[in-house]
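Asks: I would like to see how this sequence folds:
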Amino acid sequence: MIDIALIRNNADLVKKNIEKKFQHDKLPLVDEVATMDEEYRKLKSEGDTLRSQRNTISSEIGALMREKKTNEANERKASVSKINDRIKEIEVLEVELQDNIRNIMYKIPNIIDDSVPIGKDDNENVEIEKFGDPIVPKFEIPYHADILNSFNSLDKDSSGRTSGNGFYYLMGDGARLSSAMLSYARDFMIDKGFTYCIPPFMIHGDVVNGVMSFAEMDAMMYKIEGEDLYLIGTSEHSMIGKFKDQIIKEQDLPINMTSYSPCFRKEVGAHGIEERGIYRVHQFEKQEMIVLCKPEESMAWYEKMWKYSVELFRSLNIPVRTLECCSGDLADLKVKSMDIEAWSPRQQKYFEVCSCSNLGDAQARRLGIRAKSEKGNYYLHTLNNTVLANTRALIALLENNLQEDGSVIIPEPLRMYMGGKDKITPIK
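Replies: Numbering: from 1, shown residues only. Just a heads-up that it's a prediction; the model follows:
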């Protein structure tokens, strides 16, 4: 959510930003909010004036009563009664306008950074840099589900019976490898100075509204029937929500945390759920990183965070590239975003494994997260980035470390989490 002062003082900037995101249907919202805001401020001014008049008249009533001027005092009391009635009307109208303004402001996208490339959708995202050589071996790389099946590590038939399409059983070495990657990702971030946390896996609706747009919520979140609770789609949701309505001491900044959680997603949209494999599923596990910092430090943190992802995946012998998200591919709350994509030697192309985002003060405004300084309180900037999502990272690791005999070399950083094993081999 942007500062409404932008609409008051620079509505053209807000409209140009909407045009850059190719959301032309939202252009009328700017004028709509401006009109409501002007009406709200007039009502507030009228209310303040009436309260001042009421205080003055109330003082006069006391003086008149002391002077035994009962008739004049009663006339003043009648005036106060009318003023009170109008103040009550104003207060009701103010609440209605505030709610309407907030709901519309939630739909107006955040101001993107000047460096963001302009484009309509993810087809116009811009490759920035490649890390590691994207090798295609001479032997054929099987589909990742077949690799896992060779280790007796994937059971989609049973999960179909228990839970339906979009779920899976990971077993044996495949399950252990998944857990090893998550443990390594956790320790990797702890070594970078991040505080480890296991957050709640369900959050209230007001937290959901605080961390994401309505469109994202509809496409992602599972709601618990009959309760004001949603299953998290990523631990960023509950991690940022942890600081809702808090005023943080400036000396405690930055706050940098890394969190483990299962993630639950409806995955509504054109991509669909993958039937055979684990690339796009309803449930997976993830290690996440979040930062809350001063506004002037957020871009420096943004650069650090995506570089951490590159470093981690390269340490697992996985080539990656960075892809700058264009304006039309940015979610409404984001200022700037970088996708990290892993190389798939089977498909001979890259696929997304991490997404690093700077959301400016949008989430902080929605959730009331501020810092206290000598000059007064201000809204913090929030950032998030995937450290490692177990399913997609597992696919990338299997494909890039597969040997011609069907075995998979376990990268050295994971071996301590695998009981010292240096490879896993097919079960004959």
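Asks: And Ile7, its phi and psi?
Replies: phi -70, psi -40 (degrees, to the nearest 10).
Asks: and it, what does it touch?
Replies: Ile7 makes contact with 14, 30, 33-34, 37, 108, according to Cβ atoms under 8 Å, 6 or more residues apart in numbering. (Glycine included, C-beta is placed from N, CA and C.)
Asks: Show me the contact partners of the worst-scoring helix or strand of the chain on mean pLDDT.
Replies: The weakest-scoring helix or strand in the chain, judged by mean pLDDT, DSSP states H and E, is helix 214-220 (a mean of 78). Contacting residues not belonging to helix 214-220 are listed as 106-107, 208-209, 212, 233, 265-269, 331-332 [Cβ under 8 Å, 6+ apart].
Asks: List the buried residues of that helix.
Replies: 217, 220 (16 or more other Cβ atoms under 10 Å).
Asks: List the neighbours of stretch 409-425 that are in contact with it.
Replies: 151, 173, 176-177, 179-181, 183-184, 315-317, 397, 401, 403, 405-408.
Asks: Now restrict those to buried residues only.
Replies: Judged by 16+ other Cβ under 10 Å, buried ones among those: 151, 173, 176-177, 179-181, 183-184, 316-317, 397, 401, 406-408.
Asks: Tell me where the stretch 151-300 of the chain is predicted with low confidence.
Replies: Scanning the stretch 151-300 of the chain for pLDDT under 70 picks out 268-272.
Asks: can you rerun that using 90?
Replies: Applying pLDDT under 90 to the stretch 151-300 of the chain flags the ranges 212-220, 267-276.
Asks: can you pull out the helices in it?
Replies: Assigned by DSSP state H, counting those that start in this stretch, the helices in the stretch 151-300 of the chain fall at 156-162, 172-191, 205-211, 214-220, 236-241, 298-315.
Asks: between those helices, which one is nearest to Leu43?
Replies: Leu43 sits nearest to helix 205-211 of all these, at 25.1 Å, using Cβ to Cβ.
Asks: neighbouring contacts of the closest one?
Replies: Under Cβ under 8 Å, 6+ apart, the answer for helix 205-211 is 106, 217, 221, 228, 230, 236-238, 240-241, 244, 333, 363, 366-367.
Asks: Could you turn the buried ones of those residues into a PyMOL selection?
Replies: To isolate the buried members of the contacts of helix 205-211 in PyMOL, using 16+ other Cβ under 10 Å:
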select buried, resi 106+217+221+230+236+237+238+240+241+244+333+363+366+367
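Asks: And the contacts of helix 205-211, which two are furthest apart?
Replies: Asp228 and Leu333 (21.5 Å).
Asks: quick one: stretch 224-237 to chain centroid distance?
Replies: Relative to the mean C-alpha coordinate of its chain, stretch 224-237 is positioned 13 Å out (Cα atoms, centre = their mean, to the nearest Å).
Asks: go on, stretch 100-115?
Replies: 15 Å.
Asks: mind listing what's buried in it?
Replies: 101, 104-113.
Asks: can you redo these as TSV with pLDDT?
Replies: Shown next, in TSV, are the buried residues of stretch 100-115 (pLDDT from 0 to 100):
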residue	pLDDT
Ile101	95
Ile104	94
Met105	94
Tyr106	92
Lys107	93
Ile108	95
Pro109	95
Asn110	95
Ile111	97
Ile112	97
Asp113	96
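Asks: Now render these as a markdown table, adding secondary structure and distance to Gln287.
Replies: A markdown table is the format used below for those (DSSP: H, G, I helix; E, B strand; the rest coil; distance: Cβ to Cβ, whole Å):
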| residue | secondary structure | distance to Gln287 |
| --- | --- | --- |
| Ile101 | helix | 38 |
| Ile104 | helix | 36 |
| Met105 | helix | 33 |
| Tyr106 | coil | 29 |
| Lys107 | coil | 32 |
| Ile108 | coil | 33 |
| Pro109 | coil | 29 |
| Asn110 | coil | 26 |
| Ile111 | coil | 30 |
| Ile112 | coil | 28 |
| Asp113 | coil | 26 |
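Asks: just these now: which is nearest Phe22?
Replies: So of the buried residues of stretch 100-115, ranked by how close each gets to Phe22 (Cβ to Cβ), first place is Pro109, at 10.5 Å.
Asks: Give me the spatial nearest neighbour of that closest one, chain neighbours excluded.
Replies: Excluding the flanking residues, the one nearest Pro109 by Cβ to Cβ, 6 or more residues apart in numbering is Asp332, at 4.1 Å.
Asks: element containing Gln56?
Replies: No Gln there; residue 56 is Thr. Take DSSP states H and E as the rule and Thr56 turns out to sit in helix 27-66.
Asks: I'd like to know which elements that helix is packed against.
Replies: helix 4-9, helix 11-20, helix 70-105 (3 or more Cβ pairs under 8 Å, 6 or more residues apart in numbering; DSSP states H and E).
Asks: JSON lines please, covering the ones you listed and showing distance to Gly132.
Replies: Below are those laid out as JSON lines (distance: least, Cβ to Cβ, whole Å):
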{"stretch": "helix 4-9", "distance to Gly132": "42"}
{"stretch": "helix 11-20", "distance to Gly132": "33"}
{"stretch": "helix 70-105", "distance to Gly132": "43"}
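Asks: Who is Glu352 paired with across the strands?
Replies: Glu341 (DSSP bridges).
Asks: pLDDT score for it?
Replies: On pLDDT, Glu352 comes in at 96.
Asks: for it, what are its contacts?
Replies: Counted by Cβ under 8 Å, 6+ apart, Glu352 has contacts 323, 339-341, 392.
Asks: Which among those residues count as buried?
Replies: For the contacts of Glu352, buried by 16+ other Cβ under 10 Å: 323, 339-341, 392.
Asks: Closest one to Lys156 out of those, please.
Replies: Arg392 (16.5 Å).
Asks: average pLDDT for whichever strand or helix holds that closest one?
Replies: Using DSSP H and E, Arg392 sits within helix 390-401. Mean pLDDT, helix 390-401: 97.
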